[in-house]
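Trainee: Build me a model:
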Amino acid sequence: MSDANLMSSAMPADAYSVPLEQIDVSQPALFQNDLHWDYFARLRAEKPVHYCEHSLFGPYWSVTRFNDIMSMEKDYAAFSSAAGIILPDRPEDFALTNFIGMDPPRHDAQRKTVQGVVAPMNLAKLEGTIRSRAQHILDRLPVGESFNWVDLVSVELTTQMLATIFDFPFEERNKLTYWSDMATSGELGGGPTPEAERRAALLECLEYFTDLRKIRANEPAKPDLLSMLAHGKDTQDMEPFEFLGNLVLLIVGGNDTTRNSISGGVLALNENPEEYAKLRADLTLIPNMVSEIIRWQTPLAYMRRTATKDIEFGGETIRQGDKLAMWYVSGNRDDEVIPDPNRFWIDRPNARHHLSFGFGLHRCMGNRLAEMQLRVLWEEIMQRFRMVEVVGEAERVQSSFVRGYSSLPVQVHPW
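Mentor: Take a look at the predicted model:
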């Protein structure tokens, strides 16, 4: 379809006014305007495995129920990651690959190379660093003034952490934020960034990291991501676009997702003041609240799979080569699995039972690091502020893949 047709066929606010076969939940505007919830509720109820013939990304299937997503995640032989994890197809002349977009055994070998950076011993060492940085960031916030929480807290903390686990030059860490934003905002994915600009930014990223990798390769191995890639037998000789693909994966995975949960948690507590009061009364709820924030926010809305053969799934016939989107954002609101799923509930029983980190062999390897960053930050927030008050409209990013924020105006109120 042309861009004009896609714009004219944008989904209306009323999810029940659209013929079922015309629903396209991949439209970035639905997420940017926070209008996607009723569409997913309708699909879960009426057509949990749903075919969309026309979209910005071509035809695709939506899988919207929790248990169906779990089943699909387990069956990597029939539902492959090898064609990529997002709905846009890779451009032939700029085809980035990475281990999350691979099946075993290549996936297992490359993931194993870098998994040590989030091993329990390393995480224990990182906690003190996270805490001191969170303290420094929070102590510098302008009390009595409005400011953008996304920029001053969410982005700053996660970018500092990303620089640490890459052992990236700390004074140039904003490059990581820029490359992360460019990687996920390209026009081919429905974002605002022209493709030429996105490519130029990623080639800059590749050039910078290639120089750094040469340095690390000639140094003794260290426990940072770049050194692990430079010394790992399955990663040291990667082709440039595969190296870039893995860099993008690790940068986005270590940055976008956590920062948007940091912002989403502040928004959720403001929208649910009784839960904020519950938190003030009992700070031991923070670890459980962190899991609830990650479910509630679902920072990556979906993951793509591609059928490797004709197969019956969820009462539908999926054809070899068909694209499928496993909508985590929908599965995390499935009331057949999660009690009262539209309630933000910081002492929710079994709060870690969610899909935000994926499942099976592709489960997010940094999930414990993400939880730790959020836990430590909220411990430090609650030591200083009775409330982080949202004082303006949240601005969401233009993407159906990343559920994120570009702006969240707040004021902080000390105890």
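
Trainee: Just give me the neighbour total for Val412.
Mentor: Applying the criterion other CB atoms under 10 Å, we find 21 residues in the vicinity of Val412. All C-beta atoms are positioned from the backbone trio N, CA, C, and that covers glycine.

Trainee: sorry, that was for Val49
Mentor: 18.

Trainee: could you list every residue that touches it?
Mentor: The neighbours of Val49, taking CB atoms under 8 Å, 6 or more residues apart in numbering as the test, are Trp61, Ser62, Val63, Thr64, Asp68, Phe313, Gly314, Gly315, Glu316.

Trainee: Please check these and keep the buried ones.
Mentor: Buried positions within the contacts of Val49, assessed by neighbour count (16 or more other CB atoms under 10 Å), are Trp61, Ser62, Val63, Thr64, Asp68, Phe313, Gly314.

Trainee: is it true that the first one lies in a strand?
Mentor: It stands for Trp61. Yes - going by DSSP: H, G, I helix; E, B strand; the rest coil, the assignment for Trp61 places it inside a strand.

Trainee: now what about stretch 123-133, what contacts it?
Mentor: 157, 160-161, 164-165, 368-369, 372-373, 376-377, 379-380.

Trainee: Quick one: mean pLDDT over it.
Mentor: Averaged across stretch 123-133, pLDDT comes to 88.

Trainee: Just the C-alpha atoms of it, please, in CSV.
Mentor: Written as CSV, here are the backbone C-alpha positions of stretch 123-133 (Å, rounded to 0.1, in the frame of the first residue of the first chain):
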residue,chain,number,x,y,z
LEU,A,123,25.8,-8.3,38.8
ALA,A,124,26.8,-8.2,42.4
LYS,A,125,29.8,-6.0,41.5
LEU,A,126,27.6,-3.7,39.4
GLU,A,127,25.0,-3.0,42.1
GLY,A,128,27.2,-0.6,44.0
THR,A,129,28.0,1.2,40.8
ILE,A,130,24.3,1.5,39.9
ARG,A,131,23.5,2.8,43.4
SER,A,132,26.2,5.5,43.4
ARG,A,133,25.2,6.7,40.0
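
Trainee: how about that stretch: buried residues?
Mentor: When burial is assessed from 16+ other CB under 10 Å, stretch 123-133 yields the following buried residues: Leu123, Leu126, Ile130, Arg131, Arg133.

Trainee: now those as CSV including distance to Glu207 and secondary structure?
Mentor: Putting those into CSV (distance: CB to CB, whole Å; DSSP: H, G, I helix; E, B strand; the rest coil) gives the following:
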residue, distance to Glu207, secondary structure
Leu123, 31, helix
Leu126, 28, helix
Ile130, 30, helix
Arg131, 34, helix
Arg133, 28, helix
